[in-house]
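Engineer: Need a 3D model of the following:
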Amino acid sequence: MDVYGLLGNPVGHSLSPPLHEAAYDELGLEARYVTFEPEPEDIADAIHGADALGIAGLNVTIPFKQDALKIVAPEDLATRIGAVNTIDFSGSGPPTGYNTDAVGALRALRDHDVTVEGARAVVVGAGGAGRAVAFGLADAGATVAIANRTEPKARELAADVPHATGHGLTELETLVPEADVLVNATSVGMEEDVSPVPADALHDDLAVLDAVYQPLETKLLREAATAGATTVDGAWMLLYQGVEAFEIWTDRDAPVAAMNEALRSRL
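Structural biologist: Next up is the predicted model:
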């Protein structure tokens, strides 16, 4: 039996176990997905121990994504993003680290018939999710405007991302009306019913992905739908980053419908 799991602290709230267990059940795989909650100072021992025990693959979440980058052999995208959220132990050398957040965002958009190549994209937020989404969009051929509450942080990230510019949040009023794709990569809208984007900047030629998945329908998405925009809730990004991890580990096409059903039944 193959064992996969999640490294984080805390991990009790994670939706990854039912997401991946649904895939194993659908394909009849002899596998299990479990959670591990090491102390921050023990993360290197946890990864090396998983390798020694024959764990097949791990997801990595807060607060270990940056630490994992230094312990595994990261692929190029994870190195540029500066974080690892998926580890594969199947190779003969050191475990390989991936970042599937970028691909998760891209697959979520494409699943809703959103064209990324050649698009003008606006990413709100320059934290971990913002970095992943910005690199993913740029690698797919979009130009990226990064808007952040702290403008110097946006400019710092933009200097690393191809075809990107950095801005403050006040510039969203002029950036969004000219955009084809908008991604909220902040937690704004999770705890309070507020939006990081002015409603009057939204329009019907826009596709809006909100990385927040609790609640599924944020104020940003409601206002985007009212404006006639294509809306993509955060559960799609969560789903597809898990799908990408599953496919890295198993080299099989993931049963997306079964995984999506399992995820949404718990939201």
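Engineer: For the residue nearest the centre of the chain, give its distance to Tyr240.
Structural biologist: Geometric centre of the chain, nearest residue: Asp101, 2.8 Å, by CA atoms, centre = their mean. Computed as CB to CB, to the nearest Å, the Asp101 to Tyr240 distance reads 9 Å. C-betas here are computed from N, CA, C, even on glycine.
Engineer: what's the answer for Leu267, then?
Structural biologist: 15 Å.
Engineer: The two: which is more packed in?
Structural biologist: The residue with more neighbours, out of Leu267 and Tyr240, is Tyr240; 25 against 13, by other CB atoms under 10 Å.
Engineer: and that one, what does it touch?
Structural biologist: 100, 103-108, 111 (CB atoms under 8 Å, 6 or more residues apart in numbering).
Engineer: I'd like to know which of the residues you listed are buried.
Structural biologist: Neighbour-count burial (16 or more other CB atoms under 10 Å) is assigned, among those, to 100, 103-108.
Engineer: Just the strands from the stretch 51-200 of the chain, written as ranges.
Structural biologist: 57-60, 73-74, 86-88, 96-98, 120-124, 143-148, 164-168, 181-184 (DSSP state E, counting those that start in this stretch).
Engineer: Run me through the strand neighbours of the longest one, direction for each.
Structural biologist: It stands for strand 143-148. strand 120-124 (parallel), strand 164-168 (parallel) (DSSP bridges).
Engineer: Same list (those) but as JSON lines, adding distance to Asp25, mean neighbour count and mean pLDDT.
Structural biologist: Formatted as JSON lines, the strands paired with strand 143-148 follow (distance: least, CB to CB, whole Å; neighbours: other CB atoms under 10 Å; pLDDT from 0 to 100):
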{"stretch": "strand 120-124", "distance to Asp25": "35", "mean neighbour count": "27", "mean pLDDT": "98"}
{"stretch": "strand 164-168", "distance to Asp25": "41", "mean neighbour count": "19", "mean pLDDT": "98"}
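Engineer: Any chance of these in JSON lines with distance to Glu41 as columns?
Structural biologist: Shown next, in JSON lines, are the strands paired with strand 143-148 (distance: least, CB to CB, whole Å):
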{"stretch": "strand 120-124", "distance to Glu41": "33"}
{"stretch": "strand 164-168", "distance to Glu41": "34"}
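Engineer: I'd like to know which of those strands lies nearest to Ala185.
Structural biologist: Nearest to Ala185, of all these, is strand 120-124, at 5.7 Å by CB to CB.
Engineer: Report the separation between the nearest residue to Lys153 once chain neighbours are set aside and Asp251.
Structural biologist: Spatial nearest neighbour of Lys153, chain neighbours left out: Ala126 (4.6 Å); criterion: CB to CB, 6 or more residues apart in numbering. Remark: distance between Ala126 and Asp251 (CB to CB) = 34 Å.
Engineer: Between the two, which has more neighbouring residues?
Structural biologist: Per other CB under 10 Å, whichever of Ala126 and Asp251 has more neighbours is Ala126, with 26 against 8.
Engineer: so what's that one up against?
Structural biologist: Applying CB under 8 Å, 6+ apart, we find Ala126 in contact with 134, 146, 148, 150, 153-154, 156-157, 166.
Engineer: Can I get the residues you listed in TSV including distance to Ser14?
Structural biologist: Converted to TSV, the contacts of Ala126 look like this (distance: CB to CB, whole Å):
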residue	distance to Ser14
Ala134	25
Ile146	28
Asn148	27
Thr150	29
Lys153	27
Ala154	29
Glu156	30
Leu157	27
Gly166	32
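Engineer: Now tabulate the strands of the stretch 51-200 of the chain in JSON lines and tack on distance to Pro17.
Structural biologist: Listed next are the strands of the stretch 51-200 of the chain as JSON lines, based on distance: least, CB to CB, whole Å:
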{"stretch": "strand 57-60", "distance to Pro17": "10"}
{"stretch": "strand 73-74", "distance to Pro17": "25"}
{"stretch": "strand 86-88", "distance to Pro17": "15"}
{"stretch": "strand 96-98", "distance to Pro17": "19"}
{"stretch": "strand 120-124", "distance to Pro17": "29"}
{"stretch": "strand 143-148", "distance to Pro17": "33"}
{"stretch": "strand 164-168", "distance to Pro17": "35"}
{"stretch": "strand 181-184", "distance to Pro17": "26"}
